[in-house]
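[1] Predicted coordinates and the sequence they were generated for:
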Amino acid sequence: MKKGFLCFVVLLSVVGGRAQVIPHVGLQKSAAVSNNNSASTIGSAGNVDKTTLMGFDRWYNYVNYLRYSGDSMHWQSTYVNLWNDTTAIFATSDSTYHYNDLTSIGVCFDPFARGFDNDTLYDREICVTSSDAYTIDSISIFGKYMRNNARTSPVDTIRVAIVYGNGSLSSDIPIGQFTDSGSHTNFPYSEYGVDTIWWAGLKHDSLANRADSQGGGRAPVVFDTYLDSSDTASFFQRSVGLPAPLIVPPAGSFGANVVSVSLSFKCGDATYPYDDTVLYGNGSYKRGEFSPLIVFKGINDSMPVFPTYLHYDFNTGYFKKEGVADSGWGDIYMPNWAIINAGHTASKLQYPAIGVHLTCWTCGSVSWFGCDPGKIASQSPSINNSIKINPNPANDELQLSYSFLSPSHLQVVLTNTLGQVVATEDLENVNTGMVDFNTSSLSPGVYFYFVWANGFEQSGKVVVVH
């Protein structure tokens, strides 16, 4: 796969200023992609994973940011048909039928992108920089799940796959580009008003129908969540924990610590006839189907427009088309930037609503330091409360002394640079005292301490040497 992707990037860079795999991408037509049960505005999704909790964890969801940004009135939502292969037939909003060609969707999350550091939208929430490691423990899925509830036995499946990378061609999420070479007449300038669009690449495993690793060689995190008749809902939301927390390391010299998540659907029926329809003629469901929630930019459902491109914002929507709609993408997911229809009008397939929950012990806070690299979320000690760390550097023992104006619930966490917790302490009803940490078994290096006590917060860096 690595070789194939490298060739693809070269094509985008040298072919007459125009990406040959792009021109008037064969998505057939918008009406043939969305089903006839369109959602209203994105507001119908409610509060899409926006957390108001303070601390060192946060939900990231690009759809949520778009919904709450100042441009929210121009973001609409819809549901799209998703099926495990291309044998199913769907009815569309124009009363025609078409074979399914969308088998998987996904998103790339770039938590360091502009917008996630907005102190109005995300006051006191964490903000990840490219120099931070962070841990993902769960995701949220949004869409619609409908089925023939008379068929109680089949259990349907949503399969999730997660990979991460730093954007280099040797990572699992390499960065590609579309360029106009300065003529200002071709894609992407004719659609987005810029000479070059950079986008995060994601490999598709056609046999497993999910995201796959490529340059980095790490196996993706893959897990399933199951659906039965009790899950039927015109608006479906589910948060799912990963089998084990996934640590995303700092980006390094390339400068992007991004994560991509794919979703695919598997019908629970063991067999179903080729050329069969998913719905009966009256619109009721023969089988189960999960339809992901997608947002697109436009005045209304029939008038989508192109989203605004921001340099170094790698938040991307992914769509895996099969058959003739593949348009030469092969084993690569099509990014939302490439989805255009004849006449240079934007498709409504842009950003799936998928949330990612992450923890970062070394990240800054939006309200205190913005997202400046190297800043730790903390408050300066007041004259009535104090925390002191000795010795620093530490050898075999680290002492944290504390003094508070009033009795407090004290919590102390010590982490390494990857955000992994190496020691904790939890004390009730304390005023003045000392906490001892045995550091003799810790590897030499940099660590971070975090202290909470009845609204007082402090954090800092400590070095362990032996």
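    Alright, I've got the coordinates. What you see is a predicted model; the values in this text were computed from it and never measured.

[2] pLDDT below threshold where in the stretch 1-150 of the chain?
    Flagging of the stretch 1-150 of the chain using pLDDT under 70 yields the residue ranges 1-55, 70-73, 91-96.

[3] Show me the helices in it, by range?
    Counting by DSSP state H, counting those that start in this stretch, the stretch 1-150 of the chain has these helices, from start to end: 2-14, 62-68.

[4] Just to check, residue 190 is in contact with residue 340?
    No. Here residue 190 does not reach residue 340: they are 9.4 Å apart, not a contact under C-beta atoms under 8 Å. Quick note: C-beta positions are derived from backbone N, CA and C, even for glycine.

[5] Settle it for me: which of those two has more neighbours?
    Taking residue 190 and residue 340 together and counting by other C-beta atoms under 10 Å, residue 340 has the greater number of neighbours (20 against 15).

[6] and that one, what are its bridge partners?
    Taking DSSP bridges, one finds residue 346 as the beta-bridge partners of residue 340.

[7] Could you do residue 386 as well?
    Here residue 386 shows beta-bridge partners residue 403, assigned using DSSP bridges.

[8] give the contact list for it.
    Contacts were defined as C-beta atoms under 8 Å, 6 or more residues apart in numbering; by that measure residue 386 touches 401, 402, 403.

[9] what's the distance between it and residue 189?
    Taken as C-beta to C-beta, to the nearest Å, the spacing of residue 386 relative to residue 189 amounts to 58 Å.

[10] tally of neighbours for residue 196?
    Each residue near residue 196 was counted by other C-beta under 10 Å, and the total is 17.

[11] And residue 465, by the same measure?
    Summarising burial for residue 465: neighbours were counted as other C-beta under 10 Å, giving 11.

[12] Check residue 149 too.
    Residue 149 has 12 neighbours, counted by other C-beta under 10 Å.

[13] and if you look at residue 438?
    For residue 438, the neighbour count with other C-beta under 10 Å is 10.

[14] after the one helix or strand residue 223 maps to, next one along is what?
    Assigning secondary structure by DSSP states H and E places residue 223 in strand 221-227. Toward the C-terminus, strand 221-227 is succeeded by strand 233-248 as the next helix or strand (DSSP H and E).

[15] which helices and strands does that following strand pack with?
    Strand 233-248 sits against strand 134-146, strand 156-165, strand 221-227, strand 354-359, with contacts defined as 3 or more C-beta pairs under 8 Å, 6 or more residues apart in numbering; DSSP states H and E.

[16] The helix or strand following the last one: partners in the sheet, and parallel or antiparallel?
    Counting by DSSP H and E, the element after strand 354-359 in chain order, helix or strand, is strand 364-365. Applying DSSP bridges, strand 364-365 is found paired with strand 126-127 (antiparallel).

[17] Just give me the neighbour total for the spatially closest residue to residue 252 that is not a sequence neighbour.
    Closest residue in space to residue 252, ignoring its immediate chain neighbours: residue 166 at 5.7 Å, by C-beta to C-beta, 6 or more residues apart in numbering. Each residue near residue 166 was counted by other C-beta under 10 Å, and the total is 23.

[18] Who are the contact partners of residue 166?
    Contact partners of residue 166, counting by C-beta under 8 Å, 6+ apart, are 173, 251, 252, 254, 255, 256, 257, 258.

[19] Would you mind giving both backbone torsions of it?
    The phi and psi torsions at residue 166 (degrees, to the nearest 10) take the values phi -110, psi 10.

[20] can you pull the contacts of the residue nearest the centre of the chain?
    If you average the C-alpha coordinates of the chain and look for the closest C-alpha using C-alpha atoms, centre = their mean, you land on residue 109, 3.6 Å from that point. Residue 109 is in contact with 60, 62, 258, 259, 260, 261, 315, 356, counting by C-beta under 8 Å, 6+ apart.

[21] what secondary structure does the nearest residue to it once chain neighbours are set aside sit in?
    Counting by C-beta to C-beta, 6+ apart, residue 109 lies nearest to residue 259, which is 4.9 Å off, once chain neighbours are set aside. In three-state terms, and counting by DSSP: H, G, I helix; E, B strand; the rest coil, residue 259 is strand.

[22] Bridged to residue 259, which residues?
    Taking DSSP bridges as the rule, residue 259 bridges to residue 109, residue 164.

[23] where does it land on pLDDT?
    At residue 259 the predicted local confidence, pLDDT, stands at 94.

[24] likewise residue 202?
    Note on residue 202: pLDDT of 94.

[25] coming back round to it: how about the helices and strands packed on strand 233-248 in JSON lines, adding distance to residue 463 and mean neighbour count?
    Rendered in JSON lines, the data for the helices and strands packed on strand 233-248 read as follows (distance: least, C-beta to C-beta, whole Å; neighbours: other C-beta atoms under 10 Å):
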{"stretch": "strand 134-146", "distance to residue 463": "22", "mean neighbour count": "22"}
{"stretch": "strand 156-165", "distance to residue 463": "28", "mean neighbour count": "23"}
{"stretch": "strand 221-227", "distance to residue 463": "32", "mean neighbour count": "16"}
{"stretch": "strand 354-359", "distance to residue 463": "23", "mean neighbour count": "23"}
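
[26] Same list, the ones you listed, but as TSV with distance to residue 331 please.
    Formatted as TSV, the entries for these read as follows, by distance: least, C-beta to C-beta, whole Å:
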stretch	distance to residue 331
strand 134-146	23
strand 156-165	14
strand 221-227	17
strand 354-359	21
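
[27] Nearest to residue 86, out of the ones you listed?
    Closest of the helices and strands packed on strand 233-248 to residue 86 is strand 156-165, at 17.0 Å (criterion: C-beta to C-beta).
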